[in-house]
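Trainee: okay, here's the prediction I keep looking at, along with the sequence it came from:
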Amino acid sequence: MDITDYVYSILREKDIVLLNAYPGFGKSRIAVAVAKRWVDDGGQVLIITRSRAEALQLCEFARQVGIRDRASLFLGRELMCPFSARNSKQCLLYRLSGKCRVWKTEVTAPIMTCNPLDLFNDGLCPYEVNEALAHQLPIVISTHAYLSSPELYGKVMSIINTWDKPLVIIDEFHNVAAGLEESIGINLDELRQWALHGNDIASKLLDRVSNYVPQREVVVLRRFDIDDLLKGSELINDKVIEILTHFGNDLCAFTYDGKLVRLRCLSLKPIHDLIMKSQKALLLTASISKRFSYIMSIYSKPSYYVAVDSLPMEYRENLTIISIVDVEFTHRNRLLREYLEIVNRSIKAFIDSSPPTGGLAIFFPSIEYLSTYVSKYAPPVWGVPTFVLRDSSEAVNAIGAFKENARVTKSLIITYAQNPIGEGVNFLEQELVGVMIIGFPLPQYSQWSFLKSRYYGRLGINGFTTTYLFPAVSTTTQIIGRLLRDLDRHRKVAVLLDGRFYRYRRYMPKWLVSRMKPLRLSQFLNASLWK
């Protein structure tokens, strides 16, 4: 039975289907194929994915299977506007100034393009057209960002409320499975202004951070009444109020890192309510292995787990995953000279062993660790073009240049584990032939993460595993997944430089563990990895 037929048959019987398959398996195409079947059967579908780029890809898949005219790209104004207008006021100013020359108000034919610029060049506003069509067409494609904003989320729910047979499909579900997190920084000058206008919480926060320099981010206020925050709130950032009204019923806290007070919130409610409102839910992921499927118990409807655990034979033969078992990079030791030297020697061995053409990527567990390494060994020169990517806003240009170099010669990019390059970016042919992850990418311990762990515990799921292991394994899976494109034609290698990768392998997908080979550091430094 075809995988789409199989998933669809289960979806008829079960309220929630969680499909876990390796990166590159084709989950996004399955999402569109299932959506087509559901709509043909008289239903309506909301597809939510991680980013604008992935939403446009889903749109293209919809065009390829002949349902583009039944789908709306329900993205934010800023994502659809050629000038990145953030709100309707800025949009109006662009039109009054003549910068934006939208002149049409009606669509005369079904939209078949997935490029917002095509609509703009035809005199239409891409955002306004797609927002209007979202209330008329049976398929709506949106992003995870719509779950985090009360305004945008309200628009999505108002559409679903009019549907009689709604199916929600959430792609890249691992990014939101354990809840939505949102935060905003508040500088001390802002707090002082709030306090001067009679806000008691601002006064309390100022008292707690006065003359206090924490070693790491700490929680300075956990229990507070939202009504108290609203007192004297004339100068309070609207985003603060927005976050609290959307997330405040679950878990919120003010933290301090020595520079900024930050409001942090975590909530499961938007996803829970969306799933409960829908008749069925299909959740797609590459990172929720069987051991993490317990997370689904926090959603009220029963779920059915489907796993694609094996790579095709031609993939397995060309993928090697080396796990170094006798060294660990912890928060205490990783900045020591001895361990930085281990990193440097390992990177050099990795580069020296690689083929003469192809891209190599090095992932550090944090921007701080990356910056420390680069500052001590800067500029990293191993005789190959090298890109250091610290800022995610530079990702598009850096990745493009890196790919271009990798097609003709050996090329290296150094970045951090949570950078966009680690998930959602496709590398074709030899654009990426090797990755190295330095240190098991556990989230850094903080009082905020401790609160999250306790919160999950109260929901009846494992707090430590959900707060720490799940994101670390998810990050690892996604990074290694960047190697799976065109793996049938090119040999590719992943190096996991920390003993905890092997120790926690039982939490990783079977396709990954089956290719994992344990080595000691001394063996790795002298190994021929690509042979």
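Mentor: Happy to help now that I have it. Bear in mind the structure is a predicted one, so any value in this text is a computation, not a measurement.

Trainee: how about the strands in the stretch 251-400 of the chain?
Mentor: Taking DSSP state E, counting those that start in this stretch to define them, one finds strands in the stretch 251-400 of the chain at 251-256, 261-267, 280-285, 303-308, 319-324, 358-364, 386-388.

Trainee: so what touches the third one?
Mentor: Applying CB atoms under 8 Å, 6 or more residues apart in numbering, the external contacts of strand 280-285 come out as 7, 11, 14-21, 27-28, 30-31, 34, 167-174, 177, 275, 301, 303. Just so you know, the C-beta spots here come from the backbone N, C-alpha and C atoms, and that holds for glycine as well.

Trainee: what subset of those residues is buried?
Mentor: Neighbour-count burial (16 or more other CB atoms under 10 Å) applied to the contacts of strand 280-285 gives 7, 11, 14-21, 27-28, 30-31, 34, 167-174, 177, 275, 303.

Trainee: list the ones among these that fall in strands.
Mentor: Ile16, Val17, Leu18, Leu19, Asn20, Ala21, Leu167, Val168, Ile169, Ile170, Ser303 (DSSP state E).

Trainee: just the pLDDT at the residue nearest to the fifth one when sequence neighbours are not counted, thanks.
Mentor: Taking CB to CB, 6 or more residues apart in numbering as the measure, Asn20 lies nearest to Ala307, with 4.8 Å between them; neighbours along the chain are not counted. Looking at Ala307, its pLDDT stands at 89.

Trainee: can you show me the strands along the stretch 1-150 of the chain?
Mentor: So, for the stretch 1-150 of the chain - with DSSP E, counting those that start in this stretch - the strands run 16-21, 44-49, 71-73, 139-143.

Trainee: before we move on, the earlier item: columns distance to Asp227 on top of the strands of the stretch 251-400 of the chain, output as a markdown table?
Mentor: Listed next are these as a markdown table, based on distance: least, CB to CB, whole Å:
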| stretch | distance to Asp227 |
| --- | --- |
| strand 251-256 | 14 |
| strand 261-267 | 16 |
| strand 280-285 | 35 |
| strand 303-308 | 37 |
| strand 319-324 | 52 |
| strand 358-364 | 43 |
| strand 386-388 | 47 |
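
Trainee: for Lys492, find the nearest of these.
Mentor: strand 319-324 (5.8 Å; CB to CB).

Trainee: report the buried residues of the helix or strand of the chain with the lowest mean pLDDT.
Mentor: Lowest on mean pLDDT, DSSP states H and E among the helices and strands of the chain sits helix 226-230, with a mean of 72. Buried residues in helix 226-230, counting neighbours by 16+ other CB under 10 Å, are found at Leu229.

Trainee: so which of the strands of the stretch 251-400 of the chain gets nearest Glu181?
Mentor: So among those, strand 261-267 is nearest, using CB to CB, at 5.2 Å.

Trainee: name the strands paired with that closest one and say parallel or antiparallel.
Mentor: strand 180-186 (antiparallel), strand 251-256 (antiparallel) (DSSP bridges).

Trainee: now, of these, which is deepest in the fold?
Mentor: Burial of those is given as mean neighbour count (mean count of other CB atoms under 10 Å); strand 251-256 ranks first at a mean of 22.

Trainee: and that one, average pLDDT?
Mentor: Here the average pLDDT along strand 251-256 is 91.

Trainee: do the same with stretch 108-122
Mentor: pLDDT averaged over stretch 108-122 gives 84.

Trainee: could you point out the longest helix in this protein?
Mentor: What stands out as the longest helix in the chain, according to DSSP state H, is helix 337-353.

Trainee: buried residues in it?
Mentor: Tyr339, Leu340, Ile342, Val343, Ser346, Ile347, Ala349, Phe350, Ile351, Ser353.

Trainee: what angle separates it from strand 358-364?
Mentor: 170 degrees (axes from the mean of the first three to the mean of the last three CA atoms, to 10 degrees).

Trainee: can you tell me the closest non-neighbouring residue to Gly24?
Mentor: Leu484 (4.2 Å).

Trainee: just Ile160 next, same as before
Mentor: Per CB to CB, 6+ apart, closest to Ile160 is Pro166, 5.1 Å.

Trainee: quick one: contacts for the one you found?
Mentor: Gly43, Gln44, Val45, Leu46, Ile160, Lys277, Ser278, Gln279.

Trainee: count of residues packed around Ser474?
Mentor: By other CB atoms under 10 Å, the residues close to Ser474 number 24.

Trainee: for Ile461, same thing?
Mentor: Residues near Ile461, counting by other CB under 10 Å: 17.

Trainee: could you pull out the helices for the stretch 151-300 of the chain?
Mentor: 188-196, 200-209, 226-230, 238-247, 269-277 (DSSP state H, counting those that start in this stretch).

Trainee: and Phe364, how far from Arg506?
Mentor: The gap separating Phe364 from Arg506 is 25 Å, by CB to CB, to the nearest Å.

Trainee: give me the more crowded residue out of the two.
Mentor: Phe364 (26 against 10).

Trainee: which one is the more buried one nearest to, not counting chain neighbours?
Mentor: Leu370 is the one closest to Phe364 (CB to CB, 6+ apart), at 3.9 Å.

Trainee: circling back: dump the longest helix of the chain to PDB, keeping only the CA atoms.
Mentor: The C-alpha coordinates for helix 337-353 follow below in PDB (Å, rounded to 0.1, in the frame of the first residue of the first chain):
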ATOM      1  CA  ARG A 337      42.500  25.200  26.600                       C
ATOM      2  CA  GLU A 338      42.800  21.400  26.600                       C
ATOM      3  CA  TYR A 339      39.300  20.900  25.300                       C
ATOM      4  CA  LEU A 340      39.500  23.700  22.800                       C
ATOM      5  CA  GLU A 341      42.600  22.100  21.400                       C
ATOM      6  CA  ILE A 342      40.700  18.800  21.100                       C
ATOM      7  CA  VAL A 343      38.100  20.600  19.100                       C
ATOM      8  CA  ASN A 344      40.800  22.200  16.800                       C
ATOM      9  CA  ARG A 345      42.500  18.900  16.200                       C
ATOM     10  CA  SER A 346      39.200  17.100  15.500                       C
ATOM     11  CA  ILE A 347      38.100  19.800  13.000                       C
ATOM     12  CA  LYS A 348      41.500  19.500  11.200                       C
ATOM     13  CA  ALA A 349      41.300  15.700  11.000                       C
ATOM     14  CA  PHE A 350      37.700  16.000   9.700                       C
ATOM     15  CA  ILE A 351      38.700  18.400   7.000                       C
ATOM     16  CA  ASP A 352      41.900  16.500   6.000                       C
ATOM     17  CA  SER A 353      40.000  13.200   5.700                       C
END
